[in-house]
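# build me a model:
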Amino acid sequence: MKNLFKTIIKDFQNQKLPGFQKRELRVPLFSKKIITIIGVRRCGKTWYLYQLIAELLQKTSIENIVYINFEDERLDMGVGDLQSLLDAYFELYPDNENELFFFFDEIQNVQGWEKFVRRVHDTVSKHIFITGSSSKLLSREIATSLRGRAVSFELFPFSFKEYLTAHAIGTEDIYSTKNKAKINARFEHYLFEGGFPEVALYSPEMRKKTLQSYFDVMLYRDLLERYNIKNIVALKYFIKKGIANTSNKISLNKLFNELKSMGIKLSKETLYKFADYVQECYLFSLVNMISESVGKQIANDKKLYVIDNGLVNAISFKLSKDEGKLLENLVYNHLRKKGNEFYYFQEKNVCDFVETEKNKVVTAVQVTLEMSGVNKKREVNGLLQALEKYDLPSGYIITKDQNYDLETGGKKIFVRPAWEWLLTERRA
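The predicted model follows:
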């Protein structure tokens, strides 16, 4: 095993880094914490490690960097073999006293890896970066197993800006006639295709098949296998119902009664566990209604969002025609990257998103495909009520292509096309 590690270490150090697209996520290189990169499957975590290594190479030499991909089929190993990795490196570089940087990709494939990483951090190097599939390396598990030594960062599928970069469309100038036309045309695709990096340049048929395969892996490996779920029928129905209700409220109590009426045996506790599981693997997000009462937050219906519009369209024909729901889902997935808490607001009227920072509401955002005579009053009143409730001077209504400002009730409302808002993200 030691000689194999020597080969892997040297092969990586001797080869040119694979080409990668630079991502917007920023993590510290010298924090002296164990940096963990987590996110949905196939969102680009391995390629992000290459980006970090490329940045490090501007400050240190390749001999000080160790990259191991534990999905290498040659590495059939247990935790006892991990010491061979250190032995291999120090036999290769016995006189190296420089700071070392370890990159462990998919290390969760080795049973008991946590103790090894803790020991390396305590005795060998403070610079450790790890990734893992969402099915085995979740943030709460990291916090427990690495005992305060780790800081987690989330990586998501491409933002709209990253998606444009993949299609060789610049975002420095978004208002010139020519570039604006390109951006608008590409937004039409992004709204339906989503942002999983691998499929950004695929044909429609290949994209759909690939995204369906992602979903299958999430279902079978991240859910059924990970949690040893036996009631496959109930889980599949829950997921199907969730996808059909993207950007809508969903009641777990009603869903429980539906399953019961269909003769599918399932405890309410198990259904609530399903809701936790699908969030832990990043498939769904369930957003609470904002309330000062935690009990009311738990009791009220949730709004459900799916990780990526492309994934939605690959597995749901019905929703693929509902641009309004896809637009709201897109806006949510953009907002969540900010790392704050988001809720929906509902009193007399409804506002799609309110953002909290340090337990204070700082932003309110409404989403509608188009502001028209039919829905304008409803959309404005929902946002206005949230602005008044939380004493905010202004807010946004995100549409597909409308762009104007209005003032009502002493509040400013910025109506913006989604493509522009996604690229500028000015705070109201």
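
# now the phi/psi pair for Gly112, please.
Phi and psi for Gly112, reported as degrees, to the nearest 10, are phi 80, psi 20.

# repeat for Lys180
For Lys180, the backbone dihedrals (degrees, to the nearest 10) come out as phi -60, psi -40.

# tell me how many other residues crowd it.
14 (other Cβ atoms under 10 Å). Just so you know, the C-beta spots here come from the backbone N, C-alpha and C atoms, and that holds for glycine as well.

# same question, His334
19.

# who are the contact partners of it?
Ser159, Phe160, Leu422, Glu425 (Cβ atoms under 8 Å, 6 or more residues apart in numbering).

# drop anything exposed from those residues.
Buried members of the contacts of His334, scored by 16 or more other Cβ atoms under 10 Å, are Ser159, Phe160, Leu422.

# got the phi and psi for Lys360?
With angles defined as degrees, to the nearest 10, Lys360 sits at phi -120, psi 130.

# would you mind measuring from it to Ser394?
Look at Lys360 and Ser394: by Cβ to Cβ, to the nearest Å, they are 16 Å apart.

# which of those two has more neighbours?
In this view Lys360 and Ser394 are compared by other Cβ under 10 Å, and Ser394 has more residues nearby, 16 against 9.

# and the buried ones among the contacts of His334, which is closest to Thr270?
Thr270 lies nearest to Ser159 out of the buried ones among the contacts of His334, by Cβ to Cβ, at 35.4 Å.

# I'd assumed Arg336 was in contact with that closest one.
No - if you go by Cβ atoms under 8 Å, Ser159 and Arg336 don't touch, sitting 11.3 Å apart.

# which stretches of the stretch 201-350 of the chain form strands?
Using DSSP state E, counting those that start in this stretch, the strands assigned to the stretch 201-350 of the chain run over residues 249-250, 284-287, 302-306, 341-346, 350-357.

# closest one to Leu330 among those strands?
Counting by Cβ to Cβ, Leu330 lies closest to strand 302-306 out of the strands of the stretch 201-350 of the chain; the figure is 9.4 Å.

# list of residues touching that closest one?
With Cβ under 8 Å, 6+ apart as the criterion, strand 302-306 contacts 242-243, 245-250, 252, 275, 283-288, 312, 328-329, 332-333, 344, 352.

# repeat for stretch 286-296
Taking Cβ under 8 Å, 6+ apart as the rule, stretch 286-296 contacts 250, 275, 279, 297-298, 300-305, 332, 342-346, 354, 356, 361.

# any of the residues you listed buried? List them.
Buried subset of the contacts of stretch 286-296 (neighbour count, 16+ other Cβ under 10 Å): 250, 275, 300-305, 332, 342-346, 354, 361.

# just the buried positions in stretch 212-221, please.
Neighbour-count burial for stretch 212-221 [16+ other Cβ under 10 Å]: Tyr214, Phe215, Met218, Leu219, Arg221.

# so which of those residues are in helices?
Counting by DSSP state H, those place Tyr214, Phe215 in helices.

# what sits against the residue at minimal distance from the centre of the chain?
The chain has Phe156 as the residue nearest its centroid, 3.4 Å off, counting by Cα atoms, centre = their mean. Applying Cβ under 8 Å, 6+ apart, one finds that Phe156 lies in contact with Gly39, Val40, Cys43, Gly195, Ile307, Asn333, Arg336, Lys337.

# a markdown table for these, including neighbour count, distance to Gly373 and pLDDT?
Below are the contacts of Phe156 laid out as a markdown table (neighbours: other Cβ atoms under 10 Å; distance: Cβ to Cβ, whole Å; pLDDT from 0 to 100):
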| residue | neighbour count | distance to Gly373 | pLDDT |
| --- | --- | --- | --- |
| Gly39 | 23 | 42 | 90 |
| Val40 | 23 | 39 | 92 |
| Cys43 | 25 | 41 | 95 |
| Gly195 | 25 | 34 | 97 |
| Ile307 | 29 | 35 | 97 |
| Asn333 | 20 | 30 | 97 |
| Arg336 | 19 | 32 | 94 |
| Lys337 | 14 | 34 | 91 |
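
# give the burial count for the residue nearest to Tyr50 when sequence neighbours are not counted, as a bare number.
In this structure, Tyr50 finds its nearest non-sequential neighbour in Phe20, 4.9 Å apart by Cβ to Cβ, 6 or more residues apart in numbering. By other Cβ under 10 Å, 16 other residues sit near Phe20.

# could you look up the SS state of Phe20?
coil (DSSP: H, G, I helix; E, B strand; the rest coil).

# same thing with Val151?
Here Val151 is recorded as strand under three-state DSSP.

# on that earlier part again, just the contacts of His334: which are in helices?
Phe160, Leu422.

# follow-up on the earlier one: of the strands of the stretch 201-350 of the chain, which is nearest Gly373?
strand 350-357 (19.0 Å).

# the closest one pairs with which strands, parallel or anti?
The strands beside strand 350-357 in its sheet (DSSP bridges) come out as strand 341-346 (antiparallel), strand 360-367 (antiparallel).

# quick check: pLDDT value at Glu425.
Here the pLDDT value assigned to Glu425 is 74.

# what's the answer for Leu164, then?
97.
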